[in-house]
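Asks: kindly return the folded structure for what I paste below:
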Amino acid sequence: MNLSALTALSPLDGRYAPKVAALRPLLSEFGLMHRRVQVEIEWFIALSDAGLPELKPMNEAARGYLRGLAVRFSEADAQAIKDIEKTTNHDVKAVEYWIKSRFGGHPDLEKASEFVHFACTSEDINNTSHGLMLKAAREQVLLPTIDGLIDTLRKLSVRLAETPMLSRTHGQTASPTTVGKEVANVVARLVNARERIASVKLLAKMNGAVGNYNAHLSAWPDFDWEAFSRKVIETPEPLGLGLTFQPYSIQIEPHDYMAELFDAVARTNTILIDLARDIWGYVSVGYFKQRLKAGEIGSSTMPHKVNPIDFENAEGNLGLANALLKHLSEKLPISRWQRDLTDSTVLRNMGVALGYAVLAYHSMGVGLGKLELNEEALAADLDASWEVLAEPIQTVMRRFGVAGAYEKLKEVTRGKTVTAEALHALIRSLEIPQAEKDRLLAMTPGSYVGKATELAQRV
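Replies: Got it, this is the predicted structure:
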């Protein structure tokens, strides 16, 4: 059976492939090879600038050619590396051999070829490559997609800031809010979560087999290899790698920053699961309708159905993402002694974990774009819930020292159908100033929203 979108084992590479296409060049095996080539070349160029007597600085033409290998890295180049790996059975060594194979016709590069991968362990190349992959995925896909959701929700919050809605705590009627304020709550949470993702420093190390520069110092014992490594790692792209230097490691970079990043993404996803479930519920009770799309079918047997499938898909895929992200964050910082290989195969699934997250963000965005407010349903619920005004009435009673205010309101409202007439009769009987009676008599469930409108507009 040929591999295609129909035969792909993962739906990310099958049914949902177009929706996660932006991650494919960044977090696939191609993406890993691309970054390995970039790291090897930047290390090689930096060595030529280090003032080492056996390696002269490269001219601009050579630098341009080398960096062009990374900039123009193609699927054909990746396949050539895979072909070399069939012989080496070592993926990083295959990259080294491929780079050296590209030196033909460049005598200066051929002469210096033994400085490709000089004093490096495979993990020097891998950990920096993973950092670059995550950097690109975060900056080019993850944060822009989250920003798009925040922008959509912020606009929705402002547009619906004044639309009153009955709250439900424990599933029971509660003090009214506005639709916009409930959306604003999510916006505020997502903004904080987004900043947590953006603020994680992406670390990298290039310090040899067990983190002590052993091989480096055996060749040039008086050279400051730690400062050199820091410079290669922290110099911004395209003249360096633009990551944060990790001074202490075993053979592998400890991956604590990865755990922090993946936990931050999972926290964001949890907020969106909360939103997906709430909107699903609001659709169920009729607060929101869903815009119809010509030709779509909601059920194979029930023609009337317009299901909230986008929010259901988002919830399901956010759960898958979080399951993988949790395993990544729990497993990656653990390595037996100076290293074991359990992290290697797990790291190849970064794209899968983030892919399910991005897929869910897409579904969430589509779902939000279909929503239409059903103001009649909102108003009807409010008009049937006059009991929620027991709160302001008893609060004003307590202000003026009316004894047993809470208990009196509890007696006439708890578990009962409360009418406007019954509440108004109670208000008129109260021994409080007439101006306060008039204010309470003018109040309706739809007007009792506190600062909800202001808070929604301010977000």
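Asks: tell me the domain ranges of the chain?
Replies: For the chain, the structural domains run 17-122, 123-141+176-189+201-372, 385-458, going by automatic domain parsing.
Asks: moving C-terminal of the strand or helix carrying Ile427, what's the next helix or strand?
Replies: Assigned by DSSP states H and E, Ile427 belongs to helix 420-429. Sequence-wise, the next helix or strand downstream of helix 420-429 (DSSP H and E) is helix 434-442.
Asks: list of residues touching that next one?
Replies: 389, 392-393, 396, 400, 424, 427-428, 430 (Cβ atoms under 8 Å, 6 or more residues apart in numbering). Bear in mind the C-beta positions are built from the backbone N, C-alpha and C, glycine included.
Asks: please redo it, this time with the cut-off set to 7 Å
Replies: Residues from elsewhere that reach helix 434-442, judged by Cβ atoms under 7 Å, 6 or more residues apart in numbering: 392-393, 396, 424, 427-428, 430.
Asks: likewise stretch 397-406?
Replies: By Cβ under 7 Å, 6+ apart, stretch 397-406 touches 394, 430-432.
Asks: and these as TSV, adding neighbour count, pLDDT and distance to Lys289?
Replies: Output for the contacts of stretch 397-406, formatted as TSV (neighbours: other Cβ atoms under 10 Å; pLDDT from 0 to 100; distance: Cβ to Cβ, whole Å):
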residue	neighbour count	pLDDT	distance to Lys289
Gln394	19	89	36
Leu430	17	89	41
Glu431	9	89	47
Ile432	17	93	42
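Asks: sorry, back to before: so can I have TSV of the domains of the chain showing distance to Ser10?
Replies: Formatted as TSV, these follow (distance: least, Cβ to Cβ, whole Å):
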stretch	distance to Ser10
domain 17-122	9
domain 123-141+176-189+201-372	7
domain 385-458	40
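Asks: point out the most buried one among these.
Replies: Of all these, domain 123-141+176-189+201-372 carries the top mean neighbour count, a mean of 19, counting by mean count of other Cβ atoms under 10 Å.
Asks: measure it end to end?
Replies: 52 Å (Cα to Cα, to the nearest Å).
Asks: quickly note the distance from Trp225 to Ala215.
Replies: Distance, Trp225 to Ala215, using Cβ to Cβ, to the nearest Å: 10 Å.
Asks: got a list of what the spatially most central residue of the chain touches?
Replies: Centroid-nearest residue in the chain, with Cα atoms, centre = their mean: Val265, separated by 4.0 Å. The neighbours of Val265, taking Cβ under 7 Å, 6+ apart as the test, are 197, 325, 357.
Asks: how about 6 Å then?
Replies: Applying Cβ atoms under 6 Å, 6 or more residues apart in numbering, one finds that Val265 lies in contact with 197, 325.
Asks: now it: how far from Glu312?
Replies: From Val265 to Glu312 the distance is 21 Å (Cβ to Cβ).
Asks: so Val449 sits against Pro164, correct?
Replies: Yes. Shown here, Val449 and Pro164 form a contact pair, counting by Cβ atoms under 6 Å, at 5.5 Å.
Asks: which neighbours do the two share?
Replies: Shared contacts of Val449 and Pro164 (Cβ under 6 Å, 6+ apart): 176, 178.
Asks: hmm, who's touching the strand or helix carrying Asp124?
Replies: Per DSSP H and E: Asp124 is located in helix 122-137. Applying Cβ under 6 Å, 6+ apart, the contact partners of helix 122-137 are 26-27, 31-32, 35-36, 39, 92, 202, 204, 206, 241, 243, 251-253.
Asks: relative to Asn59, which of the contacts of stretch 397-406 is nearest.
Replies: Nearest to Asn59 among the contacts of stretch 397-406 is Gln394, at 84.1 Å by Cβ to Cβ.
Asks: ok, back up a step: chain center to the helix holding Asp124: distance?
Replies: Mean C-alpha position of helix 122-137 versus that of the full chain (Cα atoms, centre = their mean, to the nearest Å) differs by 18 Å.
Asks: name the next helix or strand following it along the chain.
Replies: helix 143-159.
Asks: so which elements touch that next one?
Replies: helix 179-199, helix 350-370 (3 or more Cβ pairs under 6 Å, 6 or more residues apart in numbering; DSSP states H and E).
Asks: distance of Ser129 from Lys111?
Replies: 27 Å.
Asks: ugh, wrong one, Arg63
Replies: From Arg63 to Lys111 the distance is 16 Å (Cβ to Cβ).
Asks: and the angle for the one helix or strand in the chain whose mean pLDDT sits lowest with helix 420-429?
Replies: Using mean pLDDT, DSSP states H and E, the weakest-scoring helix or strand in the chain turns out to be helix 405-413, at a mean of 77. Angle of helix 405-413 versus helix 420-429, following axes from the mean of the first three to the mean of the last three Cα atoms, to 10 degrees, is 150 degrees.
Asks: look at the closest residue to Gly450 other than its chain neighbours and give its secondary structure.
Replies: Nearest non-adjacent residue to Gly450, counting by Cβ to Cβ, 6 or more residues apart in numbering: Ser175, 7.5 Å away. Here Ser175 is recorded as strand under DSSP: H, G, I helix; E, B strand; the rest coil.
Asks: need the contact list for Ser175.
Replies: Ser175 touches 167, 388, 391, counting by Cβ under 6 Å, 6+ apart.
Asks: ranges for the helices of the stretch 251-400 of the chain?
Replies: For the stretch 251-400 of the chain, the helices defined by DSSP state H, counting those that start in this stretch occupy 256-284, 309-331, 342-347, 350-370, 375-383, 390-399.
Asks: what is the fourth one packed up against?
Replies: Which is helix 350-370. Using 3+ Cβ pairs under 6 Å, 6+ apart, helix 350-370 is in contact with helix 143-159, helix 309-331.
Asks: want to throw these into TSV with mean pLDDT and distance to Val366?
Replies: Formatted as TSV, those follow (pLDDT from 0 to 100; distance: least, Cβ to Cβ, whole Å):
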stretch	mean pLDDT	distance to Val366
helix 143-159	98	11
helix 309-331	98	5
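Asks: out of the ones you listed, nearest to Glu54?
Replies: helix 309-331 (41.4 Å).
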